[in-house]
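J.: Need the 3D shape of this:
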Amino acid sequence: MASKNYTYRHPTLLHSNTPQTPPYSQEAEEAVLGAILIAPGVLTNARGLKLKSKHFFFVRHQYIYDAILSDDDDPEFEGQFDYLTVINGLRASGKLDEIGGPAYISRLMNNTPTVRHAEVYILLIKRTALRRELLEAADEIRALALDENKSVEEIKAEVSRTVARAMETVISRQRLTTIGQGMSEYYDQIEKVREDVANGILPIVGVSSGLHELNKLILGFQPSDFIVVAGRPGMGKSALMLNFAITASLLKKRVYMLSLEMSAEQIVQRYAAYKSKVNLSALRQKDLTEEQWARFVAATGGSGDVGLYLDDAAAMTPEGLEANIAEIANGPGLDLIIVDYLQLMSDGGRYAGNKVQEITYISRKLKELAKTWNVPVIAASQLNRGVEQRSDRTPVMSDLRDSGSIEQDADIIIMLYRQEYYDQQAGVLTDARGEAQLIVAKNRQGETGSITVGFDGAHSRFYEYGS
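T.: Numbers count the residues shown, from 1 in each chain. Okay, the predicted model is just below:
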């Protein structure tokens, strides 16, 4: 009679370009299963450490762990599984013979004299599982590198996703959750907000915008949200995006800012103007008075500790953007992504000559990016020229209609409008000097509305109106 094959979880690895047998610990796997069978309470620890059947190297150990989980989840047993229930479960699923019969279950229990070190063995199983996932990822990356039909940017993006997937398999957050788990987390969030309100703190669930009235409407920029800041040229979109970036970074958030319109030097100049309140034109000329120099030094001295990453690439595709983001997110971590601006991104030639389809592709990719990395993505967007043909140039949602699927993809749309700009263009006196309107035209999770903020173009600042 031929012997059963109880061995490998990853047979493909043994025939791949990886020369050695993938890492595993048979002793650790047997010790954990034996400990759970002897003391069912160990399973609570295993669940808490997110141990899953796919982390076991040996197929029969996967089957046994699945049978234990099934018994533990069965209301009939009320969490009280044992040797007999596990054997019956394996027999019912047709896998009892495949694992070596009841004798193998008995052997696991008899060869486990103590459950004291179960947690150490659980962590060892997860570590070896991660190493196997990375070996598989390495083979996938090699295949990608040899695929001459893919661009370098596409390969970089796929490599980032491959490595992220391997890491997520073992150590990242679960994608699936029960309503009970979700409600528990939601309860904790509400309790935290109640404490903040009791202490006189405005409850902000996401990354602060730095503008109190805007925070009241949107509660900050939420993880996985795609936020669009739309306006015609000259409204100050780049300045507003930089304000969001600076505010977040000064609150110890890590921010990636892609600027396809301004160079890194120009962004640094605006950052310095914002922080030091030295006139932007003076900073551009680099000819500062003693008083301006003193303010500049005092305000920018700690900039080395600010987690604001600037990318002034001349061109960028969504795939290239994700590759750059992955480098930071998988390193120090990332809290906010800013793109200035959406229409200057490229789709890599997929929809050459069709601007609407190109913008649709980019918009959807940015939304996917927000969900994949669970961080807010803020993108500036141009409005169509129809705004200029109206006597009332206040922007409305329909001004985005020719911009692909931005209107549908965005979770929040903020329209930026400055009447002062149009009054200056017409050469008339303005009643809106130093004012800007932030019109929250769409808010998938909350209220819409319009707020007035102050705008100081000389220092590239938006601020609370009247402050």
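J.: which residue packs closest to the spatially most central residue of the chain, ignoring adjacent ones?
T.: Central residue of the chain (C-alpha atoms, centre = their mean): W373, 2.1 Å from the mean position. If the residues on either side of it in the chain are set aside, W373 comes closest to A329, at 5.5 Å by C-beta to C-beta, 6 or more residues apart in numbering. Where C-beta positions appear, they are placed from N, C-alpha and C, glycine not excepted.
J.: Any figure for the gap between the one you found and D392?
T.: 43 Å (C-beta to C-beta, to the nearest Å).
J.: Who has more neighbours out of those two?
T.: A329 (21 against 8; other C-beta atoms under 10 Å).
J.: Contact partners for the residue nearest to the centre of the chain?
T.: 325-326, 329, 334, 337 (C-beta atoms under 8 Å, 6 or more residues apart in numbering).
J.: Report the two of those residues separated the most.
T.: A326 and I337 (11.5 Å; C-beta to C-beta).
J.: In terms of packing, which of the two has more residues around it?
T.: I337 (28 against 20).
J.: So what touches the helix or strand hosting the more buried one?
T.: Here I337, judged by DSSP states H and E, is contained in strand 336-340. Identification of contacts with strand 336-340 by C-beta under 8 Å, 6+ apart yields 207, 221, 237-238, 241, 244-245, 248, 253-262, 321, 325, 345, 366, 369-370, 373, 375-380.
J.: now with 7 Å?
T.: Contacts to strand 336-340, defined as C-beta atoms under 7 Å, 6 or more residues apart in numbering, come from residues 207, 221, 238, 241, 244-245, 248, 253, 255-261, 325, 366, 369, 375-380.
J.: List the neighbouring strands of it plus their orientation.
T.: Paired neighbours of strand 336-340 in the sheet (DSSP bridges): strand 255-259 (parallel), strand 377-382 (parallel).
J.: can you confirm E407 is in a helix?
T.: Yes - assessed with DSSP: H, G, I helix; E, B strand; the rest coil, E407 lies in a helix.
J.: Was I right to think it contacts V396?
T.: No - at 11.0 Å, E407 and V396 do not qualify as touching, with contact defined as C-beta atoms under 7 Å.
J.: For these two, indicate the residue with more neighbours.
T.: Shown here are E407 and V396; by other C-beta under 10 Å, E407 has more neighbours (18 against 15).
J.: Look up how far V377 lies from that one.
T.: Taken as C-beta to C-beta, the span from E407 to V377 is 16 Å.
J.: same deal with I414?
T.: 13 Å.
J.: Is it possible to mark the buried ones in the contacts of strand 336-340?
T.: 207, 221, 238, 241, 244-245, 248, 253, 255-260, 325, 366, 369, 375-380 (16 or more other C-beta atoms under 10 Å).
J.: Which parts of the stretch 201-350 of the chain are strands?
T.: Using DSSP state E, counting those that start in this stretch, the strands of the stretch 201-350 of the chain run over 226-231, 255-259, 308-311, 336-340.
J.: So what's the residue count around A426?
T.: With other C-beta under 10 Å as criterion, A426 counts 9.
J.: er, R433 actually
T.: Count around R433 with other C-beta under 10 Å applied: 11.
J.: Just the pLDDT for it.
T.: As predicted, R433 sits at a pLDDT of 80.
J.: cool, and Y271?
T.: 80.
J.: go on, D66?
T.: Confidence score, pLDDT, at D66: 91.
J.: which ones are touching it?
T.: So D66 contacts S53 (C-beta under 7 Å, 6+ apart).
J.: What mean pLDDT does stretch 41-57 get?
T.: 85.
J.: buried stuff in that stretch?
T.: 42-43, 45-46, 51-53, 55-57.
J.: tally of neighbours for A313?
T.: 13.
J.: what touches both of I414 and V377?
T.: With C-beta under 7 Å, 6+ apart, I414 and V377 have common neighbours I227.
J.: on that earlier part again, let's have the strands paired with strand 336-340 in JSON lines, adding distance to E358.
T.: JSON lines is the format used below for those (distance: least, C-beta to C-beta, whole Å):
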{"stretch": "strand 255-259", "distance to E358": "17"}
{"stretch": "strand 377-382", "distance to E358": "13"}
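J.: E195 is nearest to which of these?
T.: That would be strand 255-259 among the strands paired with strand 336-340, by C-beta to C-beta, at 26.8 Å.
J.: for the closest one, the distance to its chain's centre please.
T.: 14 Å (C-alpha atoms, centre = their mean, to the nearest Å).
J.: which one of the buried residues of stretch 41-57 is nearest I439?
T.: K52 (46.9 Å).
J.: Quickly list the domain ranges of the chain.
T.: 11-171, 207-464 (automatic domain parsing).
J.: Show me the one of those that comes nearest D188.
T.: Using C-beta to C-beta, the nearest of the domains of the chain to D188 is domain 207-464, at 15.3 Å.
J.: ok, how many other residues are close to L280?
T.: Neighbours of L280 using other C-beta under 10 Å come to 20.
J.: Who are the contact partners of the closest residue to it other than its chain neighbours?
T.: Nearest non-adjacent residue to L280, counting by C-beta to C-beta, 6+ apart: A273, 4.2 Å away. Applying C-beta under 7 Å, 6+ apart to A273 gives the contacts 279-280, 283, 459-460.
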